[in-house]
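need a 3D model of the sequence below.
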Amino acid sequence: MDWAEFLTRVAAELALFAGIGFLIFAANDLAVDIIYFARRMWRSAAVYSRFPRAFASDMASPGAPGFIAILVPAWDEAAVIASMLRATLKRIEHPNYRIFVSFLPQRPGDRRRHRQRRRWSDRAGSGRGRWPDNQGRLPQSPSSGADRL
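Numbering: from 1, shown residues only. Have a look, this model is predicted:
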């Protein structure tokens with residue numbers, strides 16, 4: 001068997017596996033489409049014939065607005081996080097919210113900016129519950145994740 005015949009057989013086997021993969025994924029797509037259209041027909045026949053369609057514009061607004069939690073994942077954002085939080089605090093017109101800033105306390109810039117954040121508002125809080133000691137080490141516990149860094 002020469003190289004050309006060997007490569008031809010390898011290519012044929014790879015094409016067979018690719019074809020089987022395409023067939024499996026096509027069957028999966030077909031199943032999802034069948035479920036979608038069957039559910040859509042059932043809802044139009046059984047649900048919408050008895051009840052009108054609901055839209056957000058038809059719903060009554062709440063008497064008092066609820067609490068909003070905003071999570072800001074800050075990874076190496078020390079240069080822009082301060083201005084972003086100041087702008088966010090100025091623009092939000094909701095009476096009951098809290099901003100949680102998630103950061104890595106091992107990074108000195110992130111830690112310093114987060115301490116500055118505490119002076120601006122009590123609305124912006126930390127997404128991390130523990131603070132490092134003076135040497136920058138986190139308390140060791142199974143949930144701190146410090147052993148995986």
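
in this structure, which helix is the longest?
With secondary structure taken from DSSP state H, the chain has its longest helix at helix 3-42.

give the next helix or strand downstream of it.
strand 68-73 (DSSP states H and E).

CA atoms of the next helix or strand after that following strand as PDB?
Moving toward the C-terminus from strand 68-73, the next helix or strand (DSSP H and E) is helix 81-91. What follows is helix 81-91, C-alpha atoms only, in PDB (Å, rounded to 0.1, in the frame of the first residue of the first chain):
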ATOM      1  CA  ILE A  81     -13.900  51.100  37.200                       C
ATOM      2  CA  ALA A  82     -14.000  54.300  39.200                       C
ATOM      3  CA  SER A  83     -15.300  56.500  36.400                       C
ATOM      4  CA  MET A  84     -17.800  53.800  35.300                       C
ATOM      5  CA  LEU A  85     -19.200  53.400  38.800                       C
ATOM      6  CA  ARG A  86     -19.500  57.200  39.300                       C
ATOM      7  CA  ALA A  87     -21.300  57.500  36.000                       C
ATOM      8  CA  THR A  88     -23.600  54.600  36.900                       C
ATOM      9  CA  LEU A  89     -24.400  56.100  40.300                       C
ATOM     10  CA  LYS A  90     -25.400  59.400  38.700                       C
ATOM     11  CA  ARG A  91     -27.600  57.900  36.000                       C
END
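
and helix 81-91, what does it pack against?
Here helix 81-91 touches strand 68-73, strand 97-102, helix 108-120, going by 3 or more CB pairs under 8 Å, 6 or more residues apart in numbering; DSSP states H and E. Where C-beta positions appear, they are placed from N, C-alpha and C, glycine not excepted.
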